[in-house]
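Chemist: Predicted model and sequence follow; I will ask about them next.
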2 protein chains.
Amino acid sequence: MALEVFHKDETLQMRRKLIGQSCRLFFSHDPVKIVRARGQYLYDENGMQYLDCISNVQHVGHCHPSITQAAAAQMDLLNSNTRFLHDNIVLYADRLAATLPKKLCVFYFVNSGSEANDLALRLARQYTQHQDVIVLDHAYHGHLTTLIDISPYKFRKLEGQKEWVHVAPLPDTYHGIYREDHPDPGQAYADTVKSLIEEAHKKGHKISSFFAESLPSVGGQIIFPNGYCKRVAEYVHEAGGVYVADEIQTGFGRVGNHFWAFQLQGEDFCPDIVTMGKPIGNGHPIACVATTEEIAAAFTANGVEYFNTFGGNPVSCAIGLAVLDVIEKEDLRGNAVRVGGHLKQLLLQLQTKHSLIGDVRGVGLFIGMELVKDKASRKPASEEAAHLVRRLKKERIVISTDGPWDSVIKFKPPMCFSIEDAERVCICIDQILGELEDTHQKENCRS
Amino acid sequence: MALEVFHKDETLQMRRKLIGQSCRLFFSHDPVKIVRARGQYLYDENGMQYLDCISNVQHVGHCHPSITQAAAAQMDLLNSNTRFLHDNIVLYADRLAATLPKKLCVFYFVNSGSEANDLALRLARQYTQHQDVIVLDHAYHGHLTTLIDISPYKFRKLEGQKEWVHVAPLPDTYHGIYREDHPDPGQAYADTVKSLIEEAHKKGHKISSFFAESLPSVGGQIIFPNGYCKRVAEYVHEAGGVYVADEIQTGFGRVGNHFWAFQLQGEDFCPDIVTMGKPIGNGHPIACVATTEEIAAAFTANGVEYFNTFGGNPVSCAIGLAVLDVIEKEDLRGNAVRVGGHLKQLLLQLQTKHSLIGDVRGVGLFIGMELVKDKASRKPASEEAAHLVRRLKKERIVISTDGPWDSVIKFKPPMCFSIEDAERVCICIDQILGELEDTHQKENCRS
C-alpha cells in the first residue's frame, strides 16, 4: 500500500475543497500530514518521526498488531448485527462488567462517545421521567444536537442555553470560586449543585441527571476535589435524578491505579450511568453505555426497540476484547502510574524553576500543566501556551492545549508512553519556557 | 479463532442478563446464533446455512476478502483522526463526489446513519436559521434524541410530536390518500407538503428542512410517484428550507440503474443534503453527509469547530474506497438490475396466483411484497406476513417485514444475491402462501 497518493500541497488543496471547513486541522497554518504510526510515534510523508502526547484514542499504541489481528480475523468470519446471537458481545459485556461496581451490569453498545452520551440522556429521562440536566461549566459531551445543548463549551458560541439545562461551576480549585486553600472544596462545590437544583425546583423544573466527565478535559484537565461526586450524587438522587459519569476521555486505565476515573472518588461513590468511548477500540468506532438493572428495565418498559445498526457487532466487540487484553498483558495501567508519575514530578520540578508554570495537576497519563502570566494573579498565559505548542512541533513533539483560555498544556498520550519520552518532552519544555521568560524579561527591561 | 465460546443457551442467558432488553433479537422466541457468513449466506453454530435476504449493510457480501484486506492493511499503517492531513479522506470524498450531482461537493464523515442525520439537521438549521422539520408519516431517521423527534415511527410510541415537527402523508399509492388510479399522485402528495408549510407559516413557524428517505423503508418499501420530490423541493425552497435525502438504506447502487435512489426522480431533482450510512462500509461504522458549498459555508461561518473523533479516519475511508471498488469490479449494480428484476417478475407472477399478495413494488434489490386479507379491501395481512417469515426461517431463509402494519415482506439482500437465490425464495413463498390459503379456505368452509 502506497503511503502517499498525492503531494502534501495537493492533499491540502483537495481537503479544503472537499471536506467541510468546520472540520479543523491541527496547526492550521502549517498542517502535518501523517502517513504511518506505531506505538507513541507518528511519521510524516518524509519519514520524520513525531512524539505523540495527545492521541488518547490510540490507547494501547498506534497500530498495535494484536488489535489489527483481532479485527482482521473477525472481519473474515462474521460482521453481523445484534439481532442475531453472538458470543463476542456477551463476552465483552462480561469483561467490562468485571471492571465496574456490581451495580453497573447492563450494557448498550454504540459507535461513538456522542452516541453513548445521547443514549445516556434518553435512559436518564425515561427512568426519571424528568427532563432537565445539570452540567459543569466549560463541559463538552459531544457533537450531536442534544449534546451541544448540554455542552457549555459549545452552546455559549452557538444558540445559547436551553431552559432545561443548568450549569454548575467547574470544581476547579486553581481558578474556580473555591480554591486549594478552602477547607472542604468538595463539599462547597457540591453545594453549588444543590443550589442549582433548588432554583430549578422553584421554577417547576425537574432534574433527570447530572452529567460530568470524571476528569473534565476540555475544561482544562481538572481533578475533582475529594468528596465532590459522592455529595453531588446524593443531592441529585434526592431530586429524583441520576448521576452520569462521562468516562469517554478518562476510562480504560488512563488514571493508572483505577480502571475508571470516577473510582478516584472512593468506593462509596458509584454513578448510575457510565459512558465510554475514545480509547475503547483503539481507534475503531465503538462506544458503550453501562447502567443499572433498574434504569435498563425502565428503558425496556417503554416498549420501543433500541436498534443500533453497527453497535455491538462481532468485529467491534472483538476489537474491544483485544484492547482489554493488551491493557492487561502489557501492564499499561502500571505504565501509566510509573510514567505518568515521573512526568508529573518532572513538570513539578519545572514549575519551581519557571514563573510561567502556574499549576501542574493530573493522575496517571492524564496531566495538565497550566501556564500563567504570573503566579499571583493566575492570569492565563494563552499566547505563551500557543507558542509552546508551536515550538514543540518544531521539536517534533505533538501536543495541544485545553481549558477555557487554552492555557493548559494537556498530556494524554498512548498508554505505552515511556520514561524516555517524558524526559524528552520536559527537556524541550524547560528550554522553550526559558527562552520565553528571557524574552519577557528583556521586554520588561525595555518598557 | 473459535467459532463458538459458549453453548447457544448460555449465550442467550448472558445476553438477557448483560445487554439492554430494548436491543431485540430476530425471532425472539427462538433466536438464531450466527457464527460465520460469506456472501449472501449465514451459518449457525451447527454449520447450517441460511440465505440472507435482508442484510443491506453487508452490501458487497458478508466478509468480502477485499474489504477485510483493505481494513487490515490500513489498520497496520495508520488510524489517526481528521486533524492531520491524510490522502484517504480526500480520495474517498472525491470518489463519492463523482457519483453525485456537481452541486453536492462538500463532505462530512461520521460513524453512523444516525450521526449523519443529526448533522444534516444541524446543517439545515444553521443554513436556513429556521427550526422546523417536515417528515413523512411512519418515517424512521435514527435512534438519537433529535432523530426520534423527527421519526413518527418512534415518537408516536413515545413522547409524541414536538411542535417543531410536521408530518406529511406518506406518498404510498397502494394504501395512501391518493392511489395508483389518481392522474398525478406525485403532484397531489407534494401539495400535502405545501399545505403543511402554509399551516406552519400561519402559526409563525419556519421550515428548516424536509427530511425523507428516497425510498421509505420502515414505511413499507415505498416508491415515490413521479415528480413528487421535485415539487416538494420547490415548495420547501420557497419556504426557505432545504431538502434532505436520507439515502442510508437506499444508496450505493441498491436500486441498480442509479447510484442513489433520489436519482429515480429524474435529473431535474437534486437534494440539498444527502445522508449515507449502512452499506457504505459493508458493516464497518462509517457514514457521511454530502452537501452544497453554500450550506457548508454557513456551517463554517458560525465559527465553531465540528470534530468527530472517529469520523473520516484513514481506516474507515480505506474501507469506504474498497466498497466502491467492489461495487464496480463485480458489477453489483448490474446484478441488482438483473437479479432484482427477475425477483420482482417472479413475485408478480406469484401475485396473479395468490390472493394474499396485494402488491409487489420495488426497484433493483429493494423490493417489497405486501400481504393483504383480500385484494379489494387491501386490509393488511400482518399475521400471515409474520407466519411467512417464521416458515421461511424453517426453510433457512432469513427475511423480515416492514410497513405500518408489518405486512410488507422486504427484500434488501447483499448485492451479490443470485438468480438461483431469488428462485429458491419464490418457490418457498409459493408453497407457504399456498398452504396458508388452503387453511384459510378450510376455515371459511367450516365457518
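Modeler: Now that the structure is in, tell me what you want to look at.

Chemist: I'd like to know how far A:Tyr92 sits from chain B.
Modeler: Counting by Cβ to the nearest Cβ, to the nearest Å, the gap from A:Tyr92 to chain B is 9 Å. For every residue, glycine as well, the C-beta is placed using N, CA and C.

Chemist: A:Gly47 - how many residues pack around it?
Modeler: 9 (other Cβ atoms under 10 Å in any protein chain shown).

Chemist: Just the pLDDT for A:Ser447.
Modeler: Here the pLDDT value assigned to A:Ser447 is 67.

Chemist: Repeat that for A:Ser407.
Modeler: In the prediction, the pLDDT value recorded for A:Ser407 is 98.

Chemist: same question, A:Ser28
Modeler: According to the prediction, A:Ser28 has pLDDT 91.

Chemist: Please, which helix or strand holds it?
Modeler: Per DSSP states H and E: A:Ser28 is located in neither a helix nor a strand.

Chemist: From A:Gln13, how far out is it?
Modeler: Applying Cβ to Cβ, to the nearest Å, the value for A:Ser28 to A:Gln13 is 14 Å.

Chemist: Between those two, tell me which one has more neighbours.
Modeler: Counting neighbours by other Cβ under 10 Å for A:Ser28 and for A:Gln13 shows that A:Gln13 has the greater number, 13 against 9.

Chemist: element containing the more buried one?
Modeler: Take DSSP H and E as the rule and A:Gln13 turns out to sit in helix A:8-18.

Chemist: now for that helix, which elements pack on it?
Modeler: Counting contacts by 3 or more Cβ pairs under 8 Å, 6 or more residues apart in numbering or on different chains; DSSP states H and E, helix A:8-18 is packed against helix B:87-97.

Chemist: what angle do the helix it packs on and helix A:8-18 make?
Modeler: The directions of helix B:87-97 and helix A:8-18 differ by 40 degrees, with axes from the mean of the first three to the mean of the last three Cα atoms, to 10 degrees as the criterion.

Chemist: centre of the chain versus helix B:87-97, how much separation?
Modeler: Distance, stretch centre to chain centre, for helix B:87-97: 23 Å (Cα atoms, centre = their mean, to the nearest Å).

Chemist: avg pLDDT for the next helix or strand after it?
Modeler: Under the assignment DSSP H and E, the closest C-terminal helix or strand after helix B:87-97 is strand B:106-110. For strand B:106-110, mean pLDDT is 98.

Chemist: Show me what strand B:106-110 is packed up against.
Modeler: When contacts are defined as 3+ Cβ pairs under 8 Å, 6+ apart, strand B:106-110 sits against helix B:87-97, helix B:113-128, strand B:287-291, helix B:293-301.

Chemist: Now do that strand: everything it contacts.
Modeler: With contact meaning Cβ atoms under 8 Å, 6 or more residues apart in numbering or on different chains, strand B:106-110 is reached by A:18-20, A:22-23, A:112, B:82, B:89, B:92-93, B:96-97, B:116, B:119, B:286-293, B:295-296, B:306, B:308, B:311-312, B:316-317.

Chemist: Where do the domain boundaries of chain A fall?
Modeler: Each structural domain of chain A that the record assigns through automatic domain parsing is listed here as a residue range: A:8-63+A:332-446, A:65-329.

Chemist: Most tightly packed of those domains?
Modeler: Comparing the domains of chain A by mean neighbour count (mean count of other Cβ atoms under 10 Å in any protein chain shown), domain A:65-329 ranks first with a mean of 22.

Chemist: Can I get the domains of chain A in TSV including distance to B:Arg125?
Modeler: As requested, the domains of chain A are exported to TSV (distance: least, Cβ to Cβ, whole Å):
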stretch	distance to B:Arg125
domain A:8-63+A:332-446	14
domain A:65-329	8
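
Chemist: Okay, and the beta partners of the residue lying closest to A:Gly241 once chain neighbours are set aside?
Modeler: The spatial neighbour of A:Gly241 that comes closest, neighbours along the chain excluded (Cβ to Cβ, 6 or more residues apart in numbering or on different chains), is A:Ile207 at 3.9 Å. The bridge-partner assignment for A:Ile207, based on DSSP bridges, gives A:Asp132.

Chemist: my read: A:Ile207 touches A:Val236, true?
Modeler: Yes - with contact taken as Cβ atoms under 8 Å, A:Ile207 and A:Val236 are classed as touching, separated by 6.5 Å.

Chemist: residues shared between the contacts of these two?
Modeler: When Cβ under 8 Å, 6+ apart defines a contact, the residues bordering A:Ile207 and A:Val236 alike are A:134, A:197.
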